[in-house]
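> After the sequence you'll find the predicted model.
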Amino acid sequence: MKKYYVTSDEHYGHKNIIKYCNRSFDSIEEMNQTIIDNHNKIVTEEDTTIHVGDFTLKSKTYAIDIIHKLNGSHMFIKGSHDYWLDQKHMTRLEKKIYDNFIVFDHYAMRVWPRSHHNSILLFGHSHGGLKSFGKSMDVGVDTNNFYPYSIERVVSLMRNKPDNFNLVRR
């Protein structure tokens, strides 16, 4: 059965991210390989991973080389460092998965599409430095020991979070 996963802010090939985010790697190669290995431990070839920005700031050729090492199919939301994606590439995805309306955006928002109906927002960019609010969550690799999140786990975690502040009660 096909599953969905989400992740963000891998920063493949970005040497300075190790220092900026205090990642416990000695080299880009070690960081890249750990993130690839962790991905492939849980994502199968049948699954789809949604990358919510900052996959790499390197070239398109570099990005494609990494993608070929990752299991499954992939969707990409353009982040602040994704120069390899063209200017017309999507910056937000709104998708119903497992009966949940989910918004995927690289940046956190206070309100988002259908937030007044308790939709879920999955974002990156903040590397674990921004507290979640309502049904929102930072899904960057820095928040999950360099693994992607399964959407099933996200939905389970959201059940215990408070309603969105703008929820319209009927």
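Yep, it's here.

> Show me which helix runs longest in the protein.
Identified as the longest helix of the chain according to DSSP state H is helix 28-42.

> Could you check how far it is from the centre of its chain?
Its chain's C-alpha centre and that of helix 28-42 lie 15 Å apart, by C-alpha atoms, centre = their mean, to the nearest Å.

> and that helix, average pLDDT?
Computed over helix 28-42, the mean pLDDT rounds to 98.

> Give me the contacts around the next helix or strand after it.
Of the helices and strands lying after helix 28-42 in sequence (DSSP states H and E), the nearest is strand 48-51. By C-beta atoms under 8 Å, 6 or more residues apart in numbering, the residues outside strand 48-51 that reach it are 2-8, 10, 39, 43, 70, 72-77, 93, 104, 122, 148. C-beta here means a position set from N, CA and C on the backbone, and glycine is covered the same way.

> Can you tell me which of the residues you listed are classed as buried?
Burial by neighbour count, 16 or more other C-beta atoms under 10 Å: within the contacts of strand 48-51 this picks out 3-8, 10, 39, 43, 70, 72, 74, 76-77, 93, 104, 122, 148.

> What average pLDDT does stretch 117-126 get?
pLDDT averaged over stretch 117-126 gives 97.

> Send me it as PDB with only the CA atoms.
Output of stretch 117-126 as PDB, limited to C-alpha atoms (Å, rounded to 0.1, in the frame of the first residue of the first chain):
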ATOM      1  CA  HIS A 117     -11.800  24.000   9.300                       C
ATOM      2  CA  ASN A 118      -8.900  22.500  11.300                       C
ATOM      3  CA  SER A 119      -6.700  21.700   8.300                       C
ATOM      4  CA  ILE A 120      -3.100  20.800   9.000                       C
ATOM      5  CA  LEU A 121      -0.100  23.000   8.000                       C
ATOM      6  CA  LEU A 122       3.300  21.300   7.500                       C
ATOM      7  CA  PHE A 123       6.200  23.600   7.200                       C
ATOM      8  CA  GLY A 124      10.000  23.800   7.300                       C
ATOM      9  CA  HIS A 125      12.500  26.700   7.200                       C
ATOM     10  CA  SER A 126      12.800  27.100  11.000                       C
END
